[in-house]
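*Asks:* What shape does this take:
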Amino acid sequence: MSMSEIWIVLCSSHKAPDEIMHQDIIPLYAADIQDQLKKQFAYLSGGRGGDGCPVITFPDYPAFSEIPEKEFQNVLTYLTSIPSLRDAGIGFILVIDRRQDKWTSVKASILRIAASFPGNLQLVLVLRPTGFFHRALSDIAFRFNRDELKMKVPIIMLGSVSELQGYIDKTQLTEDLGGTLDYCHNRWLSRRTAIEGFAQKVKQTAQILQSFGTELAETELPNDVQSTSSLLATHTEKKDKMKEDIRVAVEQGDDILGSITKPVTENPEYKLNQDQLDNQTTVERLLAQLHETETAFDEFWIKHQQKLEQCLRLRNFEQDFREVKAALDIVSERLSAFSDVGNSRSHVEHILKDLANFEEKSHETVAKARMLASERDAFIQSNHYAVDSIIPKCSELHHLCDAFTTETERRRNLLNKSLELHDLLEKSMKWCDEGIYLLASQPVDKCQSQDGAESALQEIEKFLDTGAGNKIKELNKIYREYAHILNEDLKEHVQKVFQKQESMEEMFQKRQVSLKKLAAKQTRPVQPVAPRPEAFVKSPCTSPGLQRENVSSSESSALRRVNYRKAKSEMTELHQSRGGSTMDDEENLAVLRQHVMNELIETERAYVEELLCVLEGYAAEMDNPLMAHLISPELQNKKDILFGNMEEIYHFHNRIFLRELETYVEYPELVGRCFLDQMEDFQIYEKYCQNKPRSESLWRQFSDSVFFQECQRKLDHKLSLDSYLLKPVQRITKYQLLLKEMLKYSKNCEGAEDLQEALTSILGILKAVNDSMHQIAITGYDGNLNELGKLLMQGSFNVWTDHKKGHTKVKDLARFKPMQRHLFLHEKAVLFCKKREENGEGYEKAPSYSYKHSLNMAAVGITENVKGDAKKFEIWYNAREEVYIVQAPTPEVKATWVNEIRKVLTSQLQACREASQHRTLEQTQSLPLPLPASSCASPSRNHIRNTKKMEEKKADLTSLEGCGTAVAPKYPEKGKASPTSPDKKAKRHEVVSDPTPFGIRGWAKASHSLDASEENDGWSSAEEPLNSSDAEEEGGGGGGEIKLTPGKYTVVTDYDKGVSEEFTVKSGDLVQLIREGEDGLWFVKNLSSGREGWIPANNLLMLIGNSKSAQSLSSSESGTASSNLSTSSSCSDSCNVSSTSFSDIKG
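*Replies:* Numbers count the residues shown, from 1 in each chain. Below is the predicted model of the structure:
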């Protein structure tokens, strides 16, 4: 059945119930007139006349005349509408039972029925009254009123039911009329109500199905998956509801039909009357019509559902097509990025590995595209309505997949060809390197003899025989064979390798010529001369450093390192055997420099490749949607923490530093300039190292992540990510080792100074990085550490306190019990912190530093030597109001710190000196300062230069008198901790547990040693009186101690702490040192007041001004050298530097 036929059935199905009721205008239903029918003044018993005429019985009803006309009309109309059209067309037989009535009532009933009966009449049978009088009266009245009672059909007056049975068979009459017909009015009324309700149900169901069908037919198909899926679900839900209504209606019809046929079921001999048979037929017709309607709707729904499902499938296909096509476009675009054919074997291998990984990743996309394209046949077989639009899309997917596969294969073939070329170039390079090494390692002294020369010739000839399978034979053949991969850079590389090969062969030819002459029998001894290395050194093609490959192969790297060490060892022996020949030494050193340069460039290339591998294999994958499901939510958006600024480091090395290094490949001794030019960019490592603790903490939390395991598997790495995250730290420490080696072999070369400066700068960066790693571990400081200036030094010390203020017991305890403090020396302040070890695992075990207090460098002074311990020095504050005795781990560390503090204080004095140049000096006082013999501490400097230097210093410092405008920077007060309580202090990230914190071994030590060597070389209190501060004498001290001598001195500051409480001096008083007593005390007389007393020597050094016997620096005097260097003592009065009060120190 077609859709149109099904639709016609659905649209016409609702007419059948009206045909059953055969009422064209307003049908009546039993339910509407149920109360009227219950009166039973007329009923349709189901009996039939001889010719099948329906029998309507009007039983004896006393209140017949009182029935309202409207009710009377409704009942008659309803009863005449029940029989079929055929039976109703024959006519009805009316049985009017008036046996118990009067004639007047009979007459009225007949007249009323005759006037109101709506149907055709076949016969009217009247059972007249049974009373004698009324019976006689009815006979007479009927005769006289025949015309009045005349109807279209005859009226027969019957006297008894037996006469009635002559007209109607007994089986068609009810029991009250003497018949046997089974009739119950209530049962009839209930059944009629049920049948009519069922007919209404069937009609409503048909109408609802028609409306739903119209809705389905007029629905437009959506254009997206979600809407189509939603529409299909909505229609399916409505269909299911329709089916449920039909099921309920069918059950209702079956129940009615069962009740009609129940007597027959119970008694097979039971005969249904005609009305019952009509009812059965009606219900069966309604059920058949319902089934037909349901079947038609099911067929319509199947086609509609199929169309919706096809639409949904089409929308899914279109969506998948868009996604797959977009994915194919992305992988095709990424494939186009594989245009580089590589600049070395390792580079090509890396690209091939990347290509294989890329192909593996894109396999899922290509497979999905091919699977989607293969659905074309399924669409065709299912007769999809949109197959014409699907086929072109499937063909496009097939084409894209084939194109991608073809291009991938083409790229792989190009890379394999490039790998083949680089193999050839590497063999040639390796062969050249081995040849150069052979020439450099042949001992010249052994070649002086004929046997030795012949042996050397055999070695050379044997080596040249190995070139058949290793060297490039024809350059043009290479150009032809590899023309499709040769770009400008690669072509230039091939040319350089070939030129290097030719140069090496030329060197061999020259060596052969020399050796052949030596091998010939001589009449006199001939001094052999080694071939000049100019062709090797000056030729742009002879340097092994020209190799472009990144030696990632462990075997190749190991071989080069072995060759390098072997060459180094043999060159040393060769140097000894040649008797110090300058030319031979230069040749050997050139070879060694070239080996160092090779290692520098090769390891740099490997480093760049490793960074790229990490960034592409891990960092980029964190943004890959295909890998997102492997990343835990806590790890998302943490890429910057995990990798820090590694990408910035990679771009610097790949785009700048590596290219710059390669330009120095022929001039390794000048490579120091390359480092110096890029030294500023190396500061990026400080940021990376500062982030390293956070990175390691994050890695430790997620090291077992499936994401990292999958990335490691794809990269085929044996080591996990954390090993590669350590590469930048390892690399920055590697440079100083290579620079040292290069400097070792370039002592007399042009670039030696640049190499030394580059080494110093790299060590400085390492120190700065190491110091900053400690600085970020400081907690509890209430302020901005950046405002304190550059961090110059940091280290752990034992610290004692010796303050003027404070409880006596506290001071006494402080003298004997040292505090463990970690000091941070900045340009503007020195911080005292307490080192706290934190528990952790692996890299995470690292200290933190709790801030205790700080000292403003504008008010700090130092005493370089403390009696009894060469490792101790003093840091004092506000004219020794607070004194901190600091014990370094070693004398060398102490010297380094003293030198650094000396430089800070000197720079501050210089700043004051420059400021004072703008003022007019009102008072200038300059006293001669004798130079004790004991103050000559530096054997490396002559006495004349020392004296000149001191005179220059004294002349400069006379200008300090007028320095009154300098302002000391503000710092947190001592002892004033951060408002954050200890339990709420911010905890730093745990970092690597390493003997030198943060994994940078030897940084601080190397930088300290360098500083010490620079600053302590030839420095003494006699040479630099400005920075001398030996306040205490040491037995057997080191040469720079100041000796007090009796004489007159001018006091530069007030003093009231003598042994005698009554002895005081004030600034400006003239005092006389009379004699030196025991325990470092001097007997002093105040010439201004006449009083005498004992004063400790170290205090005395502060009090006295310039004289012939002592050294002193003060702003109130002429500005000569002070034994205690301090901007507080030199500028505190004139520069108005306000000292900061400090609370007691708490451990």
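*Asks:* For the rest of this, base every contact and every neighbour count on C-alpha atoms.
*Replies:* OK.
*Asks:* Quick one: low-confidence residue ranges for the stretch 1001-1147 of the chain.
*Replies:* Within the stretch 1001-1147 of the chain, the stretches with pLDDT under 70 are 1001-1043, 1052-1062, 1067-1068, 1078-1080, 1098, 1101-1103, 1105-1147.
*Asks:* Centre of the chain to stretch 771-778, how far?
*Replies:* Distance, stretch centre to chain centre, for stretch 771-778: 27 Å (Cα atoms, centre = their mean, to the nearest Å).
*Asks:* That should have said stretch 900-919, apologies.
*Replies:* The chain centroid and the centroid of stretch 900-919 are separated by 50 Å under Cα atoms, centre = their mean.
*Asks:* ok, now stretch 431-449?
*Replies:* Its chain's C-alpha centre and that of stretch 431-449 lie 56 Å apart, by Cα atoms, centre = their mean.
*Asks:* What of stretch 849-865?
*Replies:* Distance of stretch 849-865 from its chain centroid, counting by Cα atoms, centre = their mean, is 44 Å.
*Asks:* Name the residues of it that come out as buried.
*Replies:* Neighbour counts using 16 or more other Cα atoms under 10 Å place 849-865 of stretch 849-865 among the buried residues.
*Asks:* Show only the entries of those residues found in strands.
*Replies:* Residues from those lying in strands, with DSSP state E as the criterion: 849-856, 860-863.
*Asks:* And the nearest residue to Ser374 once chain neighbours are set aside, how far from Phe404?
*Replies:* Nearest residue to Ser374, sequence neighbours excluded (Cα to Cα, 6 or more residues apart in numbering): Cys394, at 7.2 Å. According to Cα to Cα, to the nearest Å, Cys394 stands 15 Å off from Phe404.
*Asks:* picking that back up, out of the ones in strands among the buried residues of stretch 849-865, who's nearest Ala752?
*Replies:* Ile862 (36.9 Å; Cα to Cα).
*Asks:* ok, what's across the strand from the closest one?
*Replies:* Taking DSSP bridges as the rule, Ile862 bridges to Ile875, Leu1125.
*Asks:* surely Phe657 meets Gln678?
*Replies:* Yes. Using Cα atoms under 8 Å, Phe657 is in contact with Gln678, at 7.3 Å.
*Asks:* if you count what's nearby, which of these two comes out ahead?
*Replies:* Phe657 (19 against 15; other Cα atoms under 10 Å).
*Asks:* measure the more buried one to Met242 for me?
*Replies:* 79 Å.
*Asks:* Below-threshold pLDDT in the stretch 151-300 of the chain: ranges please.
*Replies:* Looking at the stretch 151-300 of the chain by pLDDT under 70, you get 151-153.
*Asks:* Do I have it right that the residue nearest to Ser374 meets Ala373?
*Replies:* Yes. Counting by Cα under 8 Å, Ala373 is a contact partner of Cys394 at 4.3 Å.
*Asks:* if we can go back for a sec, check the secondary structure at the residue nearest to Ser374 for me.
*Replies:* helix (DSSP: H, G, I helix; E, B strand; the rest coil).
*Asks:* how close does it sit to Cys613?
*Replies:* 37 Å.
*Asks:* average pLDDT for stretch 360-378?
*Replies:* The pLDDT scores in stretch 360-378 average 86.
*Asks:* ok, and for it, which residues are buried?
*Replies:* Neighbour counts over stretch 360-378 (16+ other Cα under 10 Å) mark 362, 365-366, 368-370, 372-373, 376 as buried.
*Asks:* same thing with stretch 199-211?
*Replies:* Buried positions in stretch 199-211, judged by neighbour count with 16+ other Cα under 10 Å: 199-203, 205-210.
*Asks:* would you turn those residues into JSON lines with secondary structure?
*Replies:* Formatted as JSON lines, the buried residues of stretch 199-211 follow (three-state DSSP):
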{"residue": "Ala199", "secondary structure": "helix"}
{"residue": "Gln200", "secondary structure": "helix"}
{"residue": "Lys201", "secondary structure": "helix"}
{"residue": "Val202", "secondary structure": "helix"}
{"residue": "Lys203", "secondary structure": "helix"}
{"residue": "Thr205", "secondary structure": "helix"}
{"residue": "Ala206", "secondary structure": "helix"}
{"residue": "Gln207", "secondary structure": "helix"}
{"residue": "Ile208", "secondary structure": "helix"}
{"residue": "Leu209", "secondary structure": "helix"}
{"residue": "Gln210", "secondary structure": "helix"}
